[in-house]
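Colleague: Structure, please.
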Amino acid sequence: MSEHSATSASQRRRRPTTHSWLEIDLAAVRHNVRTLRTLLGPHCHLWAVVKANAYGHGAVPSGRAALESGADGLAVACLLEAAELRRSGITAPILLLAASEPRAAEGTVRLGLTQTACTEDTMRALADAAQRLDRCAKVHLKIDTGMGRLGIPPEKAAEFAGLIQALRGLSLEGVFSHLATAESEDTGYVWTQFERFTKAVREISEAGIDPGIRHLANSAAALRFPEMRLDGIRPGLLLYGLLPDAPGLEPLDLRPALSWRTTLAFRHLLPAGSPISYGCTYVTPRECLVGVLPLGYADGYPRHASNRAHVLLRGRACPVVGVVCMDHTIIDLSAVPDAEVADEVVLVGRQGKARITANQLAEWAGTVVHEIPTVIGKRVRRVYLDREQPVDPGLASESETT
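Modeller: Numbers count the residues shown, from 1 in each chain. I've put the predicted structure just below:
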């Protein structure tokens, strides 16, 4: 048996019994959080953003890893995401970034969550629930400094802070906003938002109200604009070793936490002039050996990467040819004529000396890097690896640990 065959057989025994899988390195998440902490002062908060299932990495394991390595709390989009974290036993502070409906107030208080404050109805419902349950509900006032999405206009922030202060059962713990152009080369609008935020916070203080923790910076701003780190940052991409597509990023030792792998399901030789996949957008220019991968856009592999992306097989680049299908993707095997069914194929990650990054796949697909891991579907199994400590057995139901 050849060295390659022996290696392939060993790999197949260890692989998950699924058509494709993610390998998520929790030690990389820990390393990235510790690295981010070196940018911050001792009293500067770090909220690990684990919304959207931690950008596809798994909210519970990623959240635990972040907290174990220095994150002060977690941030999610909605009550459903927060409830999952609480059910797993996580007791750390959790910030709800969305504007919850009044009917969610009691659940928010019972779970001990910190609510984004930007509507009066929700604040009154939250105060009523806190009084009924004899608890104190913490809130962070959201100021819309120019994103046009959620928040109180800057000129009304002090008035709204006064409403929060007047409602028994509520505690104003922080004030924050979100930047619309933190990744843009033109930084003018970022500084406009920063100035609006600073002015609004000053007016809250002048009204005799303690604004609490001020936070503004997402991943891109945390690296590009040290002045905007204030009392806390809310990194998302950086936790997972992914870099924002932005100029002037401060060099940082980050480790990608995710790799995406599958296996070759089928191979066949097509004559010259053979159309491939829907729409016949690719026609073989010569006799061509092609392979079929058992995943497609239903699994999150971007359809817009059709005829643009490549994958790695035996450390060599194999182009994606034809339109990506719902359940299959076709690749040109010309560079690897001896490829065999069940060989490992890398979609994102390293194989030998070659590597495909999530940023590259995003560029091929014409999208942002955030979207690549976030939309990876449920059929793709998550396998949690950890060089620092044993993987929590509680994850066994959703992964095969190594």
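Colleague: Any regions of the stretch 1-150 of the chain where pLDDT drops low?
Modeller: 1-18 (pLDDT under 70).
Colleague: which residues in it form helices?
Modeller: 3-14, 26-37, 51-55, 59-68, 79-87, 105-110, 120-132 (DSSP state H, counting those that start in this stretch).
Colleague: could those be laid out in CSV, adding mean neighbour count and distance to Lys353?
Modeller: All C-beta atoms are positioned from the backbone trio N, CA, C, and that covers glycine. Shown next, in CSV, are the helices of the stretch 1-150 of the chain (neighbours: other Cβ atoms under 10 Å; distance: least, Cβ to Cβ, whole Å):
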stretch, mean neighbour count, distance to Lys353
helix 3-14, 11, 16
helix 26-37, 22, 20
helix 51-55, 23, 27
helix 59-68, 24, 28
helix 79-87, 18, 38
helix 105-110, 20, 50
helix 120-132, 19, 53
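Colleague: out of the ones you listed, nearest to Pro256?
Modeller: helix 26-37 (6.6 Å; Cβ to Cβ).
Colleague: now for that closest one, which elements pack on it?
Modeller: Contact partners of helix 26-37 among helices and strands, from 3 or more Cβ pairs under 8 Å, 6 or more residues apart in numbering; DSSP states H and E: strand 45-49, helix 59-68, strand 381-385.
Colleague: what's the angle between the last one and helix 59-68?
Modeller: Spelled out, it's strand 381-385. Angle of strand 381-385 versus helix 59-68, following axes from the mean of the first three to the mean of the last three Cα atoms, to 10 degrees, is 20 degrees.
Colleague: Can I get the helices and strands packed on helix 26-37 in a markdown table including distance to Gly248?
Modeller: Formatted as a markdown table, the helices and strands packed on helix 26-37 follow (distance: least, Cβ to Cβ, whole Å):
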| stretch | distance to Gly248 |
| --- | --- |
| strand 45-49 | 22 |
| helix 59-68 | 26 |
| strand 381-385 | 33 |
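Colleague: Nearest to Leu26 among these would be which one?
Modeller: Nearest of the helices and strands packed on helix 26-37 (Cβ to Cβ): helix 59-68, 4.4 Å.
Colleague: what does that closest one contact?
Modeller: For helix 59-68, contacts defined as Cβ atoms under 8 Å, 6 or more residues apart in numbering pick out 24, 26-27, 29-30, 33, 48, 50-51, 53-54, 73-74, 76, 81, 84-85, 88, 90, 92, 239-240, 257, 384, 391-392, 394-395.
Colleague: A helix includes Leu269, no?
Modeller: No - Leu269 is assigned strand when assessed by DSSP: H, G, I helix; E, B strand; the rest coil, not a helix.
Colleague: Wait, it touches Gly291, no?
Modeller: No - applying Cβ atoms under 8 Å as the test, Leu269 and Gly291 come out as separate, 10.8 Å apart.
Colleague: Between these two, which is the more surrounded one?
Modeller: Using other Cβ atoms under 10 Å, the more surrounded residue of Leu269 and Gly291 is Gly291, with 24 against 12.
Colleague: Give me the buried positions along stretch 266-282.
Modeller: Arg267, Leu270, Ile276, Ser277, Tyr282 (16 or more other Cβ atoms under 10 Å).
Colleague: can you redo those as a markdown table with pLDDT?
Modeller: As requested, the buried residues of stretch 266-282 are arranged in a markdown table below (pLDDT from 0 to 100):
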| residue | pLDDT |
| --- | --- |
| Arg267 | 97 |
| Leu270 | 98 |
| Ile276 | 98 |
| Ser277 | 98 |
| Tyr282 | 98 |
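Colleague: Pick the one among the residues you listed closest to Ala127.
Modeller: Closest to Ala127, out of all of these and judged by Cβ to Cβ, is Ser277, at 57.1 Å.
Colleague: Nearest residue to the closest one in space, ignoring adjacent ones along the chain?
Modeller: Gly322 (3.0 Å; Cβ to Cβ, 6 or more residues apart in numbering).
Colleague: before we move on, the earlier item: His178 is nearest to which of the helices of the stretch 1-150 of the chain?
Modeller: Checking these against His178 by Cβ to Cβ gives helix 51-55 as the closest, at 12.8 Å.
Colleague: pull the CA atoms of that closest one into CSV?
Modeller: C-alpha atoms of helix 51-55 as CSV (Å, rounded to 0.1, in the frame of the first residue of the first chain):
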residue,chain,number,x,y,z
LYS,A,51,-24.8,35.7,17.2
ALA,A,52,-25.9,33.6,14.2
ASN,A,53,-24.5,30.5,15.9
ALA,A,54,-21.2,32.3,16.4
TYR,A,55,-20.9,33.0,12.7
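Colleague: for it, packing partners?
Modeller: Counting by 3+ Cβ pairs under 8 Å, 6+ apart, helix 51-55 packs on helix 59-68, helix 79-87, helix 371-374.
Colleague: Contacts for the shortest one, please.
Modeller: For helix 371-374, the external contacting residues (Cβ under 8 Å, 6+ apart) are 52-53, 55-57, 240, 242, 258, 300, 302, 348, 358, 361-362, 365.
Colleague: ok, those residues vs Leu150, which is closest?
Modeller: Once Cβ to Cβ is applied, the member of the contacts of helix 371-374 that ends up nearest Leu150 is Ala52, at 16.5 Å.
Colleague: how many neighbours does Ala104 have?
Modeller: 20.
Colleague: Out of the helices and strands packed on helix 26-37, flag the one nearest Ala117.
Modeller: Closest of these to Ala117 is strand 45-49, at 15.8 Å (criterion: Cβ to Cβ).
Colleague: strands paired with that closest one, and their directions?
Modeller: strand 73-76 (parallel), strand 232-233 (parallel) (DSSP bridges).
Colleague: List the contacts of Thr329.
Modeller: Applying Cβ under 8 Å, 6+ apart, we find Thr329 in contact with Val292, Leu293, Leu295, Gly296, Tyr301, Val320.
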